[in-house]
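Visitor: Can you look at this prediction? I've put the sequence above it.
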Amino acid sequence: MSSLNPKPEKTRINGVEYGIYFPLRAVDTIQDKYDITINAMQTYFNDQRKCNKFLAFVLETLIAEANDLIKEQTGAEPAGVTAEYIYKRILPLERVKAIDDVYKAFASGAPELDGDAGPNAEGV
């Protein structure tokens, strides 16, 4: 993904599609709220007691970031959602896909490497 023109990934909540975007500000928001490093995110997603509320907060954060991005790029103001709304409306089958979408949004922020930018066959 080009950092000059980022594009939100997509996720679905109760059948409605939302953009999700994972900039550094979202990383800090999640880390500060849960007092974790972003690497511990998987631990929360794997914990059945914490997963649903954690996912709702993460999605609220990423949807808000995507909405900010869309507003900056187009002037449009997409509808936002709260963690409480997500928690009440996300369907069980959507939960697993939404977690995958969060990871996809996180990975999409990684810089793309040119074929020549990485190590050569000798690892140098």
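Guide: Perfect, I can see it now.
Visitor: Test my guess that Ile30 contacts Leu59.
Guide: No: here Ile30 does not reach Leu59: they are 10.9 Å apart, not a contact under Cβ atoms under 8 Å. Every C-beta, even on glycine, is put in place using the N, C-alpha and C of the backbone.
Visitor: Would you mind telling me which of these two has more residues around it?
Guide: Leu59 (25 against 22; other Cβ atoms under 10 Å).
Visitor: What helix or strand is the more buried one located in?
Guide: helix 51-74 (DSSP states H and E).
Visitor: Send me the next helix or strand after that helix as CSV with only the CA atoms.
Guide: Next along the chain after helix 51-74, taking DSSP H and E as the criterion, comes helix 83-89. Backbone C-alpha positions of helix 83-89 (Å, rounded to 0.1, in the frame of the first residue of the first chain) are rendered in CSV as follows:
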residue,chain,number,x,y,z
ALA,A,83,-17.9,-0.1,20.6
GLU,A,84,-21.2,-0.7,22.3
TYR,A,85,-23.0,-0.8,19.0
ILE,A,86,-20.5,-3.2,17.6
TYR,A,87,-20.6,-5.4,20.7
LYS,A,88,-24.4,-5.6,20.4
ARG,A,89,-24.6,-6.0,16.6
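Visitor: Report all helices and strands that helix 83-89 contacts.
Guide: helix 51-74 (3 or more Cβ pairs under 8 Å, 6 or more residues apart in numbering; DSSP states H and E).
Visitor: What residues of the helix it packs on count as buried?
Guide: For helix 51-74, burial by neighbour count (16 or more other Cβ atoms under 10 Å) applies to 52, 54-70.
Visitor: ok, Leu62 touching Lys104?
Guide: No: with contacts counted by Cβ under 8 Å, Leu62 stays clear of Lys104, the gap being 10.8 Å.
Visitor: what residues are up against the spatially most central residue of the chain?
Guide: For the chain, the residue sitting closest to the mean C-alpha position, by Cα atoms, centre = their mean, is Val102 at 3.9 Å. Applying Cβ atoms under 8 Å, 6 or more residues apart in numbering to Val102 gives the contacts Thr11, Ile20, Phe22, Met41, Leu55, Val58, Leu59, Leu62.
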